[in-house]
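Visitor: Need coordinates for the below:
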Amino acid sequence: MAAQSGAPAATNTYAQKLVDEFTAKHVRLITVGIHAKAPNSSEYVIVAHTITKNIGKKSEEEDLVTMRTGKPDGPNDLGGGIYDVIMPLHDASGQTIGAAVVHVKPGPGDPKAEAMKLALEYRDELAKRIPSNAKLFESTN
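Guide: Numbering: from 1, shown residues only. Down below sits the predicted model:
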């Protein structure tokens, strides 16, 4: 089980607003999680997620490897026609700021190819809406 911080997870952040909007907008997107490092923090954690109880959990090794190498992990078949893809996440200027983890349900055709295509499209669309890492942590209240 991943370690968690002692503070309650913040769900009123710009990052969570993006996750909520993306999940509502994209019917093939089952879940999305954003892993990033808060200002003045040394660890990457889940800062926003479709399943809010995951917020605050430390990023796992495969998430960190993806950030270091710049190479996606997946698509991994989770069963039930759902695929998992971990990708480096960039801000609008192209700076790597963390990782995006998506679970997608591809349509007809080659499911792995379609899952990767969808995942990259969602990640790139998300990146265009992130002006900086710091913006992810801004309150939406």
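
Visitor: alpha carbons only for contacts and neighbour counts from here, please
Guide: OK.

Visitor: which parts of the longest helix anywhere in the chain are buried?
Guide: Across the chain, the helix with the greatest residue count (assigned by DSSP state H) is helix 111-128. Of the residues in helix 111-128, those buried by neighbour count under the rule 16 or more other C-alpha atoms under 10 Å are 111-112, 114-116, 118-120, 122-124, 126-127.

Visitor: just these now: which is nearest G74?
Guide: The closest of these to G74 turns out to be M116 (C-alpha to C-alpha; 7.6 Å).

Visitor: returning to that earlier point: same list (the buried residues of helix 111-128) but as JSON lines, adding pLDDT and distance to T13.
Guide: Putting these into JSON lines (pLDDT from 0 to 100; distance: C-alpha to C-alpha, whole Å) gives the following:
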{"residue": "P111", "pLDDT": "92", "distance to T13": "33"}
{"residue": "K112", "pLDDT": "94", "distance to T13": "32"}
{"residue": "E114", "pLDDT": "94", "distance to T13": "30"}
{"residue": "A115", "pLDDT": "94", "distance to T13": "28"}
{"residue": "M116", "pLDDT": "94", "distance to T13": "27"}
{"residue": "L118", "pLDDT": "93", "distance to T13": "25"}
{"residue": "A119", "pLDDT": "93", "distance to T13": "23"}
{"residue": "L120", "pLDDT": "94", "distance to T13": "23"}
{"residue": "Y122", "pLDDT": "93", "distance to T13": "19"}
{"residue": "R123", "pLDDT": "93", "distance to T13": "18"}
{"residue": "D124", "pLDDT": "94", "distance to T13": "20"}
{"residue": "L126", "pLDDT": "93", "distance to T13": "15"}
{"residue": "A127", "pLDDT": "94", "distance to T13": "16"}
